[in-house]
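Colleague: The sequence isn't on hand, but the structure is:
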C-alpha cells in the first residue's frame with residue numbers, strides 16, 4: 001500500500017516539530033555552485049561506461065582538473081548536464097545511481113563529520129539540512145513528518161539546474177540513502193523512495209539500492225518511520241573539532257577579529273552573488289554601520305577587503321588555462337562578463353586573456 005504524507009503547513013521545526021527547511025531565496029539567474037566532490041568517482045564510472053571523462057567534462061564547459069580538488073566550486077548546472085550527457089552517450093540510463101553506488105562514503109567533505117558527530121538521526125539530518133548549501137547551493141533538503149507523527153521524510157529539491165535533473169536527483173537520493181544505512185546499520189529500512197520522473201525501462205540498479213521505489217510521484221524523497229529520528233547513531237564519537245572548524249570558516253560561528261570574520265564570509269559568499277555589506281552584516285547579526293566602523297578601527301574597509309580577495313582569487317582561478325573568463329567572473333561574484341572585464345582591467349592593467357598569456 002502506498003504511504004501518503006498528510007503534511008501540515010511548513011513551519012520552523014523548533015516551533016512545531018514537524019518540518020525543517022532552509023530554503024534558498026536567491027534569484028535563479030545567479031550561478032549556483034556545487035563542490036566538485038559531487039563528481040567523486042566520475043572518471044572511473046565514465047571509463048567503465050566507455051566514455052572519455054576529460055572529453056565529457058570539456059563538452060559541458062568544465063575543466064577536467066576540477067576532479068583533482070574536491071572543494072573546488074563548479075556550476076551546478078554544468079554538473080547536471082555532465083551526468084545527463086554521460087547517461088545518454090553511454091546508454092547507462094542509471095548513470096547517477098551507479099555513480100552513487102561506486103562510493104564507500106558520502107562526498108560532503110567535512111560536513112560528513114558534522115553529521116556523524118550528532119547523537120541521534122534527527123540531529124544528524126538537522127545539521128545536513130542546514131549546512132547542505134555549503135556542499136551544493138542548488139540542492140535543498142527538507143525534513144518533514146506527517147500529522148500523526150508516524151512517517152518522516154527527507155524531501156529533495158533542485159533549483160537553478162535547468163529542466164533535466166534526473167541523474168543528479170537519483171545521485172543525491174542514493175547518496176543519502178547509503179549514508180543513512182551507515183548511520184543506522186542495524187535499523188535502517190526506508191518505507192519508500194519516491195521520484196517525480198517517469199519509471200525508466202531498466203530499474204534493476206534502483207531496486208537493488210532502494211528496494212521499494214515509486215516513480216511519477218508528486219515529490220522526490222525518502223520516507224521512513226518517524227521513530228527512527230530518535231535513534232542513536234552507531235558511530236557517535238564526538239568527532240566535531242575538525243567539522244566545526246570547517247563550518248565556522250563557512251560563516252556558521254565565526255571566530256577571530258572582525259576583519260577575519262568578514263574575510264571568511266566574503267570568500268564563502270562571493271560565488272553566490274550574495275556578498276554585499278548588508279548581507280555580511282546580517283550573517284554577523286550586526287548593523288552594517290557597526291561593521292563599517294569596527295573595520296575602520298582595525299584599519300580596513302569592506303570595499304578594500306572585497307577588492308583584495310577578488311584580486312587573490314582572480315589570479316588563482318586564471319592560473320587554470322582552460323577556465324573561461326565568464327566562469328571566473330561568476331566565481332568572483334560579478335553578475336556579467338562585462339563588469340568583470342572592466343574590474344580586471346582597472347586592477348591589473350590588462351584583460352584577463354592577456355594576463356593569462358603573460359603567465360605562460
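Modeller: Looks like it arrived, so ask away. Being a predicted model, the structure only gives us computed values, none of them experimental.

Colleague: From now on I want contacts and neighbour counts done on CA atoms only, so please keep to that.
Modeller: Fine.

Colleague: Angles on the backbone of residue 197, please.
Modeller: Residue 197 adopts backbone torsions of phi -80, psi 160, taken as degrees, to the nearest 10.

Colleague: go on, residue 118?
Modeller: Dihedral angles (degrees, to the nearest 10) for residue 118: phi -80, psi 160.

Colleague: which non-adjacent residue is nearest it?
Modeller: With C-alpha to C-alpha, 6 or more residues apart in numbering as the criterion, residue 118 has its nearest non-adjacent residue at 5.3 Å, and that residue is residue 124.

Colleague: what is the rounded mean pLDDT of the helix or strand hosting the one you found?
Modeller: Assigned by DSSP states H and E, residue 124 belongs to helix 121-135. Helix 121-135 carries an average pLDDT of 90.

Colleague: Could I get the buried residue list for it?
Modeller: If you call a residue buried by 16 or more other C-alpha atoms under 10 Å, then helix 121-135 has these buried ones: 121-135.

Colleague: ok, now stretch 51-68?
Modeller: Buried residues in stretch 51-68, defined by neighbour count with 16+ other C-alpha under 10 Å: 51, 53, 56, 57, 60, 61, 62, 63, 66, 67.

Colleague: go on, stretch 65-85?
Modeller: 66-67, 70-71, 73-85.

Colleague: could you pull out the helices for the stretch 51-200 of the chain?
Modeller: 53-59, 76-90, 95-101, 110-116, 121-135, 166-183 (DSSP state H, counting those that start in this stretch).

Colleague: In CSV: the ones you listed, plus distance to residue 312.
Modeller: Putting the helices of the stretch 51-200 of the chain into CSV (distance: least, C-alpha to C-alpha, whole Å) gives the following:
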stretch, distance to residue 312
helix 53-59, 26
helix 76-90, 24
helix 95-101, 34
helix 110-116, 24
helix 121-135, 21
helix 166-183, 32
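
Colleague: ok, of those helices, where does mean pLDDT dip lowest?
Modeller: Among the helices of the stretch 51-200 of the chain, helix 110-116 carries the lowest mean pLDDT, at a mean of 79.

Colleague: What are the phi and psi values at residue 33?
Modeller: Dihedral pair for residue 33: phi -110, psi 160, per degrees, to the nearest 10.
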